[in-house]
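Student: Here's a sequence, model it:
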Amino acid sequence: MVFRAILLLPGAYLLGSVPWGVVLARLFGNVDIRKAGSGNIGAYNVYRVAGIKLGIMTLVGDILKGAVPVLAATHWLEFSGWKGDLWVCLVALCAFFGHLFSVFLGFKGGKGVATGAGCFLVISPLVLLVCVLVYVMVLCTWGYSSAGSLSGAAVLPGAIWLATHSIPITSCAFTMALLIFVRHRGNIKRLLDGTEHSPMRS
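Tutor: Predicted structure coming up:
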């Protein structure tokens with residue numbers, strides 16, 4: 001069982017490293033997404049540059065690369081209690097770090113929102129639903145996708161603690177939320193300056 005757990009860690013990282021935005025935009029949009037729009041490899045920039053279909057495909061791919069390794073961890077590992085939570089969280093963080101620091105992109109990557117959502121889709125679907133509702137409310141109210149993502153990330157640690165009372169899972173959620181904020185620092189500056197792109201106002 002420990003051997004399985006150890007194998008899952010690099011497997012999760014490699015799967016998380018697959019840059020679906022780059023791959024799909026090149027194959028079907030004939031564009032290097034890293035040099036277009038905001039330069040981000042995530043679904044929103046793919047949508048802006050290459051269209052809604054490729055944007056949705058990127059979103060699904062990024063969600064799955066978080067969900068699949070975490071789902072594998074919950075089914076293949078037989079640890080229980082806090083040890084089980086810890087191993088699941090380690091696998092989730094490996095997938096998340098893969099997206100942020102992809103081995104296929106010279107350890108550069110995206111902002112982690114969709115991949116983190118994929119992880120918590122398995123860990124706690126109800127909490128993810130709360131975060132998605134927060135995202136939608138903020139997007140519809142202020143018109144900024146980045147503000148919605150940041151708001152959802154801000155809610156995640158507290159919501160997951162209330163739902164699970166698990167220290168490993170809450171620590172995982174806090175780590176992901178913190179890194180999402182770090183990766184959105186450019187967006188935060190533009191939001192404060194009033195220069196952020198809005199899908200509701202384009």
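
Student: now G39: how far from E78?
Tutor: 43 Å (C-beta to C-beta, to the nearest Å). Backbone N, C-alpha and C define where each C-beta goes, glycine included.

Student: quick one: contacts of stretch 113-132?
Tutor: With contact meaning C-beta atoms under 8 Å, 6 or more residues apart in numbering, stretch 113-132 is reached by 16, 42-43, 58-59, 62-68, 70-71, 74, 88, 92, 95-96, 98-99, 149, 152-153, 155-156, 159-160, 163-164, 169, 172-173, 176, 180.

Student: Name the residues of it that come out as buried.
Tutor: Buried residues in stretch 113-132, defined by neighbour count with 16 or more other C-beta atoms under 10 Å: 113-124, 127-128, 130-131.

Student: Need phi/psi at K108.
Tutor: Backbone torsions of K108, given as degrees, to the nearest 10, read phi -110, psi 170.

Student: Name the surrounding residues that touch the longest helix along the chain.
Tutor: Secondary structure assigned by DSSP state H gives helix 52-76 as the longest helix of the chain. The contact list for helix 52-76 (C-beta under 8 Å, 6+ apart) reads 4-5, 8, 11-12, 15-16, 18, 20-21, 24-25, 28-29, 42-44, 46-48, 87-88, 91-92, 94-96, 98-99, 110, 114-119, 121-123.

Student: Give me the buried positions along the least confident helix or strand in the chain by mean pLDDT.
Tutor: When the helices and strands of the chain are scored by mean pLDDT, DSSP states H and E, helix 2-17 comes last with a mean of 87. By neighbour count with 16+ other C-beta under 10 Å, helix 2-17 contains the buried residues A5, L8, L9, G11, A12, Y13, L14, L15, G16, S17.

Student: list the contacts for the closest residue to G16 other than its chain neighbours?
Tutor: Of all residues not flanking G16 in the chain, G98 sits nearest, at 2.5 Å (C-beta to C-beta, 6 or more residues apart in numbering). Neighbour list for G98: A12, Y13, L14, L15, G16, S17, V18, K65, G109, T115 [criterion: C-beta under 8 Å, 6+ apart].
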